[in-house]
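Q: predicted model and sequence below, questions to follow.
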Amino acid sequence: MKNFIIFILIIITMNASDLKPWGSKIEKLSQEEKNIVINKGTERPFSGKYTNEKSRGIYTCKICDAPLYDSSDKFDSGSGWPSFDDAIEGAIKRVPDSDGRRVEIVCANCGAHLGHVFEGEGFTSKNTRHCVNSLSLNLKKKPDIKDENLSYAYFAGGCFWGVEYYLEKLNGVREVISGFMGGHVKNPSYYDVVRSNTGHLEAVEVIYDKNKISYEEIAKTFFEIHDPTQTNGQGPDIGEQYLSAVFVNNQQEREIASKLIAKLEANGYKVATKIVEKSEFYPADESHQNYYGKKGSTPYCHGYIKRF
Ligand SMILES: [Zn+2]
């Protein structure tokens with residue numbers, strides 16, 4: 001019995017220390033969310049907002065933003081909770097539930113309670129059902145736009161909130177998404193990029209109608225809403241993830257970006273912006289999208305300066 005009590009104490013202490021670095025995020029949770037992610041509760045079936053969600057994207061941890069599930073692994077189990085037949089590699093930890101029967105699943109990064117996992121039910125070929133509370137998750141949506149007039153352009157100019165804010169104002173730009181590009185870590189969370197050496201830059205994906213605005217006009221604006229001469233970050237944001245870059249899709253975009261940089265240099269600017277081949281773009285968590293729009297404020301580190 002004593003060993004059992006010590007075992008339980010160790011489990012309790014482990015959970016508490018696992019969640020400790022996330023104190024400020026935990027404080028922001030509603031009581032309902034705390035009941036699920038901290039106190040391991042279960043939301044009522046069919047009550048969660050992601051039960052019937054069909055959008056493409058990545059489901060992340062409510063507390064630490066770690067990517068947990070890809071929407072391509074979500075299926076309709078009819079159980080009343082979001083169900084996935086697979087998880088992002090290494091994202092989920094399985095632990096014996098205190099009821100002695102079920103297997104609990106928690107976020108491998110921060111220990112947040114997610115739900116339970118069941119095997120052998122035969123729902124899909126993977127024969128696994130991660131039964132997850134909607135309140136344990138956020139969804140980073142990927143836009144599902146099928147319009148052949150739309151093109152995609154990618155820029156990094158410091159804090160993505162400000163770059164998104166200004167590029168979204170351009171006529172012909174359909175949407176700007178804040179995210180990460182250029183590093184070696186798949187599906188990075190905001191905290192991965194802040195804390196570790198992922199190689200990623202804060203970047204934006206600009207989705208635009210090429211019949212209404214050209215790549216050159218967007219790229220020109222990009223050089224005028226951030227300081228392309230700063231070598232160590234952007235404004236007060238110092239660090240590798242805030243460096244300036246144009247990520248190009250093809251030779252044509254490379255030539256346009258080079259031409260604009262040459263013009264700036266002719267105008268006396270010592271340009272630090274790098275031209276880099278486009279790599280996979282990872283959208284940031286929903287809380288980083290349209291940041292200033294939601295807050296009703298304006299950027300602290302970006303502004304328009306005519307440079308051409
Ligand atoms: Zn987590």
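A: Arrived safely, thanks for sending. Numbering: from 1, shown residues only.
Q: from here on, contacts and neighbour counts on C-alpha atoms
A: Fine.
Q: mind listing the strands for the stretch 101-250 of the chain?
A: Using DSSP state E, counting those that start in this stretch, the strands of the stretch 101-250 of the chain run over residues 103-107, 113-119, 128-132, 137-141, 150-157, 173-181, 201-209, 233-234, 237-238, 244-248.
Q: could you export the ones you listed as a markdown table, including mean neighbour count, mean pLDDT and distance to the ion?
A: Shown next, in a markdown table, are the strands of the stretch 101-250 of the chain (neighbours: other CA atoms under 10 Å; pLDDT from 0 to 100; distance: least, CA to the ion, whole Å):
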| stretch | mean neighbour count | mean pLDDT | distance to the ion |
| --- | --- | --- | --- |
| strand 103-107 | 23 | 98 | 5 |
| strand 113-119 | 21 | 97 | 9 |
| strand 128-132 | 23 | 97 | 13 |
| strand 137-141 | 23 | 90 | 9 |
| strand 150-157 | 23 | 96 | 27 |
| strand 173-181 | 25 | 94 | 19 |
| strand 201-209 | 25 | 96 | 21 |
| strand 233-234 | 22 | 96 | 28 |
| strand 237-238 | 14 | 94 | 25 |
| strand 244-248 | 24 | 98 | 30 |
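Q: tell me which of the ones you listed sits nearest to residue 80.
A: Closest approach to residue 80 among the strands of the stretch 101-250 of the chain is made by strand 128-132 (9.2 Å; CA to CA).
Q: now for the closest one, which elements pack on it?
A: If you count contacts as 3 or more CA pairs under 8 Å, 6 or more residues apart in numbering; DSSP states H and E, strand 128-132 packs onto strand 83-84, strand 113-119.
Q: closest to residue 218 out of the ones you listed?
A: The minimum distance between residue 218 and the helices and strands packed on strand 128-132 falls on strand 83-84, with 39.0 Å, by CA to CA.
Q: tell me which helix or strand comes right after the closest one.
A: Once strand 83-84 ends, the next helix or strand along the chain (criterion: DSSP states H and E) is strand 92-96.
Q: just the C-alphas of that following strand, formatted as PDB.
A: C-alpha atoms of strand 92-96 as PDB (Å, rounded to 0.1, in the frame of the first residue of the first chain):
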ATOM      1  CA  ILE A  92       1.400  12.000 -27.700                       C
ATOM      2  CA  LYS A  93       2.300  10.100 -24.600                       C
ATOM      3  CA  ARG A  94       0.200   7.200 -23.500                       C
ATOM      4  CA  VAL A  95      -0.200   6.600 -19.800                       C
ATOM      5  CA  PRO A  96      -2.300   4.100 -17.800                       C
END
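Q: the ion versus residue 92, what's the distance?
A: Going from residue 92 to the ion by CA to the ion, to the nearest Å gives 9 Å.
Q: distance of that residue from residue 55?
A: Taking CA to CA, to the nearest Å as the measure, residue 92 falls 22 Å from residue 55.
Q: ditto for residue 116
A: Residue 116 sits 23 Å away from residue 55, going by CA to CA.
Q: sketch out the low-pLDDT regions of this structure for me.
A: The model of the chain has pLDDT under 70 over residues 1-20, 143-146.
Q: what residues does it have near the ion?
A: Selection of the chain residues close to the ion by CA under 5 Å from the ion yields 61, 64, 107, 110.
Q: out of residue 92 and residue 55, name the residue with the larger neighbour count.
A: residue 92 (23 against 15; other CA atoms under 10 Å).
Q: quick one, what contacts that one?
A: Residues near residue 92 by CA atoms under 8 Å, 6 or more residues apart in numbering: 68, 105, 106, 107, 108.
Q: spit out the contact partners of the residue nearest to residue 234 when sequence neighbours are not counted.
A: Using CA to CA, 6 or more residues apart in numbering and skipping the chain neighbours, the partner closest in space to residue 234 is residue 158 (4.9 Å). Listed by CA under 8 Å, 6+ apart, the contact set of residue 158 reads 201, 202, 203, 226, 233, 234, 235, 237, 241, 242, 243, 244.
Q: where's residue 158 relative to residue 189, distance?
A: Note on residue 158: its distance to residue 189, by CA to CA, is 17 Å.
Q: would you mind measuring from the residue of the stretch 201-308 of the chain found nearest the ion to residue 221?
A: Ranked by CA to the ion, the top residue of the stretch 201-308 of the chain for proximity to the ion is residue 285, at 12.9 Å. Residue 285 sits 25 Å away from residue 221, going by CA to CA.
Q: more neighbours, those two?
A: Comparing residue 285 with residue 221 by other CA under 10 Å, the one with more neighbours is residue 285, at 23 against 19.
Q: the more buried one contacts residue 188, correct?
A: No - counting by CA atoms under 8 Å, residue 285 stays clear of residue 188, with 9.9 Å between them.
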